[in-house]
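Visitor: model this:
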Amino acid sequence: MDLHFGDSKPTDEERAAVDALLGPPESSWEGADRSDADLRWARGGRAARDRRDLLLPGLHAINDRVGWISDGALDYLCRRLTVPPAEAYGVATFYAMFSVRPRPATVLHVCTDLACAAAGAPQLCAGIEERLGPGSGVSVERSPCLGLCERAPAALAVKAGDPVRTAVSAPATVEEAVLAASAPDSSPEEPPAALAVPQAGQDGLMLLHRVGVVDPASLDDYRAHGGYTALRRAFELGPAGVIREVTDSGLVGRGGAAFPTGRKWQATASQPDHPHYLVCNADESEPGTFKDRVLMEGDPYALIEAMTIAGYATGAHRGYLYLRGEYPRSLHRLEHAIAQARARGLLGDDVLGQGYAFDIEIRRGAGAYICGEETALFNSIEGYRGEPRSKPPFPVEKGLFGKPTVENNVETLVNVLPILTMGAPAYAAIGTQRSTGPKLFCVSGSVERPGVYELPFGATLGELLALAGVRDGLRAVLLGGAAGGFVRADELDIPLTFEGTREAGTTLGSGVVMAFDDTVPLPRLLLRIAEFFRDESCGQCVPCRVGTVRQEEALHRIAERTGAAAAGDIALLREVGRAMRDASICGLGQTAWNAVESAIDRLGAYE
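Guide: Down below sits the predicted model:
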């Protein structure tokens, strides 16, 4: 292995950040002071490779402490982990939240994605930049979706230090965003998660029934409202019984792919290779999606219990919770919940005294939409660039660290709790025959009551928008987020099921429902979608790497032309879109053309 370390040295602060994570270096090869260290040996072989997965946490440690990652800091981290600096540089530059160039310790991320753009994000950015001006000590960065769509426009301030401090401003004004950046500790406290749930406290809710009712920090309160009943039921049924219940319930993945959960669990559990791993995908980065954030902030113990059940059923003794880097409150809530569960014997070597060992480790993402794809997520955890892998082999055979792995998102896992407490037949009776159970929908845009709504599968789009209070002048609704498709205002009778949306020529995706009235310029919205996919493409495969750029270029030209001149670019868009859909290695490239195509064909966007 050719490491090629440079001559740059870390500052004391950078060294302290890495050592706080990894412990003090054991030899001069790892960066210890040569006056009292042994030069005759270096960690190598399996011992070195087994530490590669600490690269992403190490980069976070430096970025959190200093605000950016210098050559000296990167070199020191690489020495500690025996990682080639060129590879670590490729990882550090892959994520939007890291910087390898000097910048101020305070960074203000201002969301410019779909919901925020419609709510005035461009004017907000201009106002903030004018107010702060050069030399303010704050770096203002335009950001993709921050997952705060129900409170658009949104801004997230991150002030490096020990500890790192964060503040959210949403709905953001120029004054509040500047206050969050200049004095995070003095900014107003975030509203409770329950305010993102207009139905909070209503009877009949299954997934959201505790949000706004229980104290999210209290394990006792969680247990008083039915917490850990499902885990006790799981131990009564045994692993095979749990998988049978999940299979009979008809539960399918809620992240958009809609793969049968029971089949995935069974395939993982039956693998002879060990250890098995469980990965919770909490990296919801689809513009317009924020349901997982609300669950983690409002009912964190439910996710911990659901992960424990999934691990028990699939033979996993370790779970990784991959959390969006833009969710600081979710991080604090989950860290506290995991610590409390561990202290009370609900995680650890002997869960509930049943002889089953299971524990959870949180891994933070750092701003990469592609890491929502399961194999890209595995690469990210392992310390590599978050690029998707070719399949087969599938994750149930060779996933995280090359071992059988089951991966589910937050909403999918939380559905397991009512399945075990009420029984598979009762759960399967909810919804429709092919789309069973309840579904969470993230409603934002031109509505009076944006937020997360829980409805049984089969409710119509019009019924959902009536609950949210759609405004007059509705022009279009985007289903499924940037990777989804538009429908017209006269198509609100579409049933919200996986099969119903497919038959209507669109997609349900992860449950994004964004309403746009006639005040929102549609061409500008489509251009923002194209910019999003260009920025978020990992660049691994040619169809996506080139196609997303060509799509954005064509939309820029169309915005300046009409008639026959625009028709040629629309034909080019269709050709590029087909190539991306047919030949891209993962879902990002395969869906990058969907929303633009639907806007052209269903809405007549450029007529």
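Visitor: every contact and neighbour count from this point should use C-alpha atoms.
Guide: Noted.
Visitor: I figured residue 501 hits residue 507, correct?
Guide: Yes. With contact defined as C-alpha atoms under 8 Å, residue 501 counts as touching residue 507 (5.1 Å).
Visitor: more neighbours, these two?
Guide: residue 507 (26 against 18; other C-alpha atoms under 10 Å).
Visitor: any idea how far residue 26 is from the spatially closest residue to residue 340 that is not a sequence neighbour?
Guide: Once flanking residues are discounted, residue 340 sits nearest to residue 219: 7.1 Å by C-alpha to C-alpha, 6 or more residues apart in numbering. To residue 26, residue 219 is 40 Å away according to C-alpha to C-alpha, to the nearest Å.
Visitor: same check on residue 405?
Guide: From residue 405 over to residue 26 the distance is 33 Å, taken as C-alpha to C-alpha.
Visitor: settle it for me: which of the two has more neighbours?
Guide: Neighbour totals were compared for residue 405 and residue 26, and residue 405 leads with 31 against 17 (other C-alpha under 10 Å).
Visitor: now do the strands in the stretch 1-150 of the chain.
Guide: 106-111, 138-143 (DSSP state E, counting those that start in this stretch).
Visitor: what's the burial count for the closest residue in space to residue 71 that isn't next to it in sequence?
Guide: In this structure, residue 71 finds its nearest non-sequential neighbour in residue 8, 6.1 Å apart by C-alpha to C-alpha, 6+ apart. When neighbours are counted by other C-alpha under 10 Å, residue 8 registers 13.
Visitor: would you confirm that residue 8 contacts residue 72?
Guide: Yes. The pair residue 8 / residue 72 is scored as a contact, 4.4 Å apart, by C-alpha under 8 Å.
Visitor: per-residue confidence at residue 561?
Guide: Residue 561 is assigned a pLDDT of 69 by the prediction.
Visitor: for residue 580, what are its contacts?
Guide: 543-544, 547, 589-593 (C-alpha atoms under 8 Å, 6 or more residues apart in numbering).
Visitor: do the same with residue 169
Guide: With C-alpha under 8 Å, 6+ apart, residue 169 has these contacts: 154-156, 176-177, 180, 187-188, 190.
Visitor: where does pLDDT dip in this protein?
Guide: Under the criterion pLDDT under 70, the flagged ranges of the chain are 1-4, 33-49, 561-565.
Visitor: all helices in the stretch 201-350 of the chain, in order from the N-terminus.
Guide: For the stretch 201-350 of the chain, the helices defined by DSSP state H, counting those that start in this stretch occupy 219-224, 229-249, 261-269, 291-298, 300-314, 328-343.
Visitor: next, format the ones you listed as CSV and append mean neighbour count and distance to residue 359.
Guide: Listed next are these as CSV, based on neighbours: other C-alpha atoms under 10 Å; distance: least, C-alpha to C-alpha, whole Å:
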stretch, mean neighbour count, distance to residue 359
helix 219-224, 15, 17
helix 229-249, 19, 14
helix 261-269, 23, 18
helix 291-298, 26, 17
helix 300-314, 26, 8
helix 328-343, 18, 8
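Visitor: okay, these in a markdown table with distance to residue 13 next?
Guide: Output for the helices of the stretch 201-350 of the chain, formatted as a markdown table (distance: least, C-alpha to C-alpha, whole Å):
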| stretch | distance to residue 13 |
| --- | --- |
| helix 219-224 | 36 |
| helix 229-249 | 44 |
| helix 261-269 | 43 |
| helix 291-298 | 32 |
| helix 300-314 | 33 |
| helix 328-343 | 23 |
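Visitor: between those, which one is closest to residue 476.
Guide: Counting by C-alpha to C-alpha, residue 476 lies closest to helix 291-298 out of those; the figure is 21.8 Å.
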